[in-house]
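1. Following is a predicted model, sequence given first.
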Amino acid sequence: MEITTIEDFDTFIDKPTPVEKRETVLVDFWADWCAPCKMLAPTLDTLSEEGVRIAKVDIEEFHDIATSYFIRSIPCVLAFRGGKEVARLVGVNPIEKYRELLETK
C-alpha cells in the first residue's frame, strides 16, 4: 500500500479491525533516490505476495511521519501490532529478518 496521506498512515497502523489486532504490519520508510531502498523492494514484494500487509512511506513526501518515528537512516522497516511499534530494521537485510519482525512479541 502506498501511503498518500497522513490519514492513510494512521488508518494503516492505528485502526486495526479485531482480526488485525493480532496481525503485525510492516511500514517501509524509503526515498526514490535511495539505492538500498530499491534493493529492498523485491524482498518486500515477496512478503506482500505471501500475504504480509506492507505500507510504503516516502520520507521526502511525509517528512513529519518519518521524524515522528525518529527515522534517521533508510531503508527502515517498522513493525506495528495493534497500532504500536514493536520492532524495526534498518538497512537491507535477508528476508528471514523481516519474517522475524512479524513474530516479534
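-> Arrived safely, thanks for sending.
2. can you give me the helices for the chain?
-> 6-14, 35-49, 63-68, 95-103 (DSSP state H).
3. Output those in a markdown table; the columns should cover mean neighbour count.
-> (Glycine included, C-beta is placed from N, CA and C.) Formatted as a markdown table, those follow (neighbours: other C-beta atoms under 10 Å):
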| stretch | mean neighbour count |
| --- | --- |
| helix 6-14 | 15 |
| helix 35-49 | 14 |
| helix 63-68 | 14 |
| helix 95-103 | 14 |
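4. Which of those has the lowest mean pLDDT?
-> Lowest mean pLDDT of the helices of the chain: helix 6-14, a mean of 70.
5. Can you tell me which of the helices of the chain is nearest to Gly83?
-> Closest to Gly83 of those, according to C-beta to C-beta: helix 6-14, at 4.2 Å.
6. Could you pull up the contacting residues of the residue nearest the centre of the chain?
-> In the chain, the C-alpha nearest the mean C-alpha coordinate belongs to Val27, at 1.1 Å (C-alpha atoms, centre = their mean). Applying C-beta atoms under 8 Å, 6 or more residues apart in numbering, we find Val27 in contact with Phe9, Phe12, Ile13, Ile54, Ala55, Lys56, Val57, Val77, Leu78, Ala79, Phe80.
7. Fine by me, we can end here.
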